[in-house]
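Colleague: Quick one, what's the 3D model for this:
(one chain, ligands or ions: 1)
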Amino acid sequence: RRYRKTIIAGNWKMNMTPSQAKALIEELKPLVSKVKWCEMVLCVPYVDIPTAVKAAKGSKIAIGAENMHFEPKGAYTGEVSADMLKECGVKYVIIGHSERRQYFAETDETVNKKVKVALENGFRPIVCVGESLDEREQDIWSEIVRKQVKCAMQGVSVDDVKKVVIAYEPIWAIGTGKTATADQANEVCGAIRDCLRELYGARAARAITIQYGGSMNAKNAAELLSKPDVDGGLIGGASLKPNDFFAIIEAAN
Ligand code: PEP
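Modeller: All right, here's what the predicted structure looks like:
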């Protein structure tokens, strides 16, 4: 793990108003003031971003967006561009979360466009991949995840790929309370690293942070994060409570 940074990122999804965001970050800030062993990110709803950036100022918490459009501007009602996020102080952006693939018609192609735009704009994209329950039961997770990674990285250079974070999130484990076992998580994160090695070589592959996500919590985090290919977590539900989120951060130490 000395080749790459552990990153613990929260994904608030459609939760928290700006005032709630401010209160949560103010509670979290003193807890994380001595953290040196990992990077910490909170990906928050668009309207919370200015408040969250202001509240997190002077702390080690970086703020991310949960999505972004790939076009620079124009007639895309309801969408938000990279420029807008950049001016607000965003550092990370989640791309291709399974909820966006499922409910908002994100495809491997739109994910790839967004990854490239994120990198062009200096963001670190957190690219989500993962198989469904059906695909897990058919034992085709490896093909599915490899295809998602390959498509997402199409046209991304070896220099840029080191800024990418991959989040392995088995769809059957998101918001369900069902976690992948630590060995399952490590197996898939390892397969993702193999795929990155084929695409970019060993040096780049070992520098890329690969997170696990899916019902990670204060209880199961230490075991998941102890695995050699699991370099962090993307955390939904447990990132909404400062003490739970901090417990996961501590488990990364
Ligand atoms: C997520 O949405 O990225 C996630 C992992 O959610 P949860 O932790 O709630 O399963």
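
Colleague: Spatially, and excluding backbone neighbours, which residue is closest to the residue in the stretch 151-253 of the chain that the ligand sits nearest to.
Modeller: In the stretch 151-253 of the chain, the residue that lies nearest the ligand is Gly236 (2.2 Å; C-beta to the nearest ligand atom). Every C-beta, even on glycine, is put in place using the N, C-alpha and C of the backbone. Among residues not flanking Gly236 along the chain, Asn11 sits closest, at 5.1 Å (C-beta to C-beta, 6 or more residues apart in numbering).

Colleague: try Met16
Modeller: Asp48 (5.9 Å).

Colleague: per-residue pLDDT, that neighbour?
Modeller: We have a pLDDT of 98 for Asp48.

Colleague: which residues does it contact?
Modeller: Trp12, Met16, Thr17, Pro18, Ala21 (C-beta atoms under 8 Å, 6 or more residues apart in numbering).

Colleague: Report pLDDT for the last one.
Modeller: If you check Ala21, the pLDDT there is 98.

Colleague: Quick one, grab the pLDDT at Arg1.
Modeller: Value listed for Arg1 in the pLDDT field: 63.

Colleague: Make 831 the first number, not 1, from now on.
Modeller: Yes, from this point I'll number from 831; that puts the last item at Arg831.

Colleague: tally of neighbours for the closest residue to Gly1005 other than its chain neighbours?
Modeller: Excluding the flanking residues, the one nearest Gly1005 by C-beta to C-beta, 6+ apart is Gly1066, at 6.1 Å. Here the count is done by other C-beta atoms under 10 Å, and Gly1066 has 21 residues near it.

Colleague: Likewise for Glu961?
Modeller: Neighbour count of Glu961, defined by other C-beta under 10 Å: 24.

Colleague: didn't it look like it was pressed against Ala1003?
Modeller: No - shown here, Glu961 and Ala1003 do not form a contact pair, counting by C-beta atoms under 8 Å, at 10.2 Å.

Colleague: residues from the stretch 931-1080 of the chain in reach of the ligand?
Modeller: Glu999, Ile1004, Gly1005, Gly1043, Gly1044, Ser1045, Met1046, Leu1064, Ile1065, Gly1066, Gly1067, Ala1068 (C-beta under 6 Å from any ligand atom).

Colleague: Could you dump those into CSV with secondary structure added?
Modeller: Listed next are these as CSV, based on DSSP: H, G, I helix; E, B strand; the rest coil:
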residue, secondary structure
Glu999, coil
Ile1004, coil
Gly1005, coil
Gly1043, strand
Gly1044, coil
Ser1045, coil
Met1046, coil
Leu1064, strand
Ile1065, strand
Gly1066, coil
Gly1067, helix
Ala1068, helix
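
Colleague: In ChimeraX, how would I select the buried members of those?
Modeller: Applying 16 or more other C-beta atoms under 10 Å to those, the buried members can be selected in ChimeraX as follows:
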select :999,1004,1043,1044,1045,1046,1064,1065,1066,1067,1068
